[in-house]
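In: Here is my input, please return the structure:
(one chain, ligands or ions: 2)
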Amino acid sequence: MEIKITRAAALKEKPDSSKLVFGKAMTDHMLIIDYDAGQGWHDARIIPYGPLQIDPAAKVLHYAEEIFEGLKAYRTADGSIQLFRVRDNIDRMNKSADRLCLPQIPEELAVSAIKKLVEVEQDWVPREKDTSLYIRPFMIGLDAALGVHSSHHVQFIVVVCPVGAYYPEGLNPVKIYIENEDVRAVKGGTGMAKTGGNYAASLRAGNRAEERGYSQVLWLDGVHRKYIEEVGAMNVMFKVNGKILTPDLNGSVLDGITRRSCIQLLKDWGYEVEERRISAEELFDAAESGALEEAWGTGTAAVVSPIGELAMDGRKVTVSGGKIGEITQKLYDELTSIQWGRTADPHGWITKL
Ligand code: PLP
Ligand code: COI
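Out: Ligands and ions are numbered 1, 2, ... in the order given. Just a heads-up that it's a prediction; the model follows:
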């Protein structure tokens with residue numbers, strides 16, 4: 001499908017790449033592709049970035065008929081640009097689409113559209129260390145009628161923005177609060193999909209955690225309210241007695257692409273990785289006995305983020321003495337080296353622009 005390009009009349013001033021706030025500085029253009037039942041995907045276009053015109057009765061505004069993805073474009077030392085695991089993001093978007101009754105987007109169409117938008121915005125891919133261009137594809141149901149039904153008219157939209165670290169702490173350990181009141185997702189719900197409603201459900205606990213001085217919430221499962229699931233914007237991993245533990249993909253946890261990549265690297269290095277149920281109790285006990293050696297989160301925005309403190313109710317433990325652990329640092333170094341093209345890509349994760 002041809003992608004029609006309409007250039008912005010005036011370009012914005014680019015922000016200082018050493019002071020980027022995550023997701024704030026949107027670029028000059030965005031991409032839109034329409035979908036109509038019976039017609040399929042049509043009218044792919046890159047247009048100047050700006051507000052969308054949406055009917056106030058559109059389903060997305062009332063019933064959260066929305067899914068999204070997050071990936072990044074990286075500037076390599078020779079000035080070229082590359083994407084990390086873009087096909088995996090589109091594959092996951094199609095799984096989310098299935099859960100939300102949104103249409104499947106052909107992988108080739110989505111990948112070529114993302115590549116084209118990044119090419120148009122190539123001057124926005126920053127060069128400063130640890131910065132990248134964050135890519136946010138999303139899909140919204142736009143039928144204008146208040147009945148609760150899935151939409152026949154849908155748009156796939158991509159916006160991009162230069163980013164640095166997700167957390168203001170950078171690579172310094174973050175403090176995480178284990179939430180035991182609100183629930184983010186339950187089995188059979190939408191936890192495995194990347195859909196706006198999951199994040200709406202997370203806002204209250206996130207605010208409460210911030211008021212207590214914590215960066216994010218670690219969710220417990222919605223059935224037993226006992227087992228660790230994931231953090232607000234990342235999956236979690238723990239090193240306990242030399243072994244790596246991470247919650248299994250039970251249907252209410254997002255199948256993180258950074259999680260998959262870290263599991264692969266850990267296995268490459270000979271670590272045993274156990275994907276299984278982990279209770280908060282087990283974690284606190286391991287921390288108190290000294291068996292919990294490291295804890296970290298994994299995510300596109302957060303990359304590999306050390307966890308320095310875990311708290312729940314009156315219980316609080318420090319992990320790795322509040323410093324970044326050895327494996328956390330090694331994972332961060334290896335993953336970012338592949339992403340920024342400083343080392344070989346043995347698993348075929350990179351797509352050159
Ligand atoms: N879990 C949640 C709830 C997220 O929002 C994210 C971020 O995308 C992740 C996990 C990590 O997923 P990925 O590594 O694919 O970015
Ligand atoms: C990402 O890591 O890409 C995410 O989607 C996290 C986001 C919720 C900030």
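In: could you pull out the helices for the protein?
Out: Listed in chain order, the helices of the chain (DSSP state H) span residues 59-63, 86-99, 107-120, 196-200, 203-211, 257-268, 280-289, 326-339.
In: Which positions in the second one come out as buried?
Out: If I follow you right, that is helix 86-99. Residues 86, 88-90, 92-94, 96-97 are the ones in helix 86-99 that count as buried (16 or more other Cβ atoms under 10 Å). The way it works is simple: take the backbone N, C-alpha and C, and place the C-beta from them, glycine included.
In: and what of stretch 253-273?
Out: Per 16+ other Cβ under 10 Å, stretch 253-273 contains these buried residues: 253-254, 256-263, 265-266.
In: Which ones among those residues also lie next to ligand 1?
Out: Intersecting these with the surroundings of ligand 1, defined as Cβ under 6 Å from any ligand atom, gives 254, 256-259.
In: how about the residues of the chain near ligand 2?
Out: 70, 233, 299-301.
In: just those residues now: which is nearest residue 315?
Out: residue 233 (23.4 Å; Cβ to Cβ).
In: mind listing what the closest one touches?
Out: Taking Cβ atoms under 8 Å, 6 or more residues apart in numbering as the criterion, residue 233 is in contact with 166, 216, 299, 301-302.
In: From ligand 1, how far off is it?
Out: Using Cβ to the nearest ligand atom, to the nearest Å, one obtains 4 Å as the distance from residue 233 to ligand 1.
In: Just give the nearest non-adjacent residue to that residue, would you?
Out: Excluding the flanking residues, the one nearest residue 233 by Cβ to Cβ, 6 or more residues apart in numbering is residue 299, at 5.4 Å.
In: repeat for residue 200
Out: Distances taken as Cβ to Cβ, 6+ apart place residue 64 nearest to residue 200, at 6.8 Å, with adjacent residues excluded.
In: can you count the residues close to the one you found?
Out: Counted with other Cβ atoms under 10 Å, residues neighbouring residue 64 total 18.
In: Unless I'm misreading it, it sits right up against residue 195, doesn't it?
Out: Yes: judged on Cβ atoms under 8 Å, residue 64 makes contact with residue 195 at a distance of 6.9 Å.
In: Now tell me which of the contacts of residue 233 the prediction trusts least.
Out: Ranked by pLDDT, these bottom out at residue 166, which has 82.
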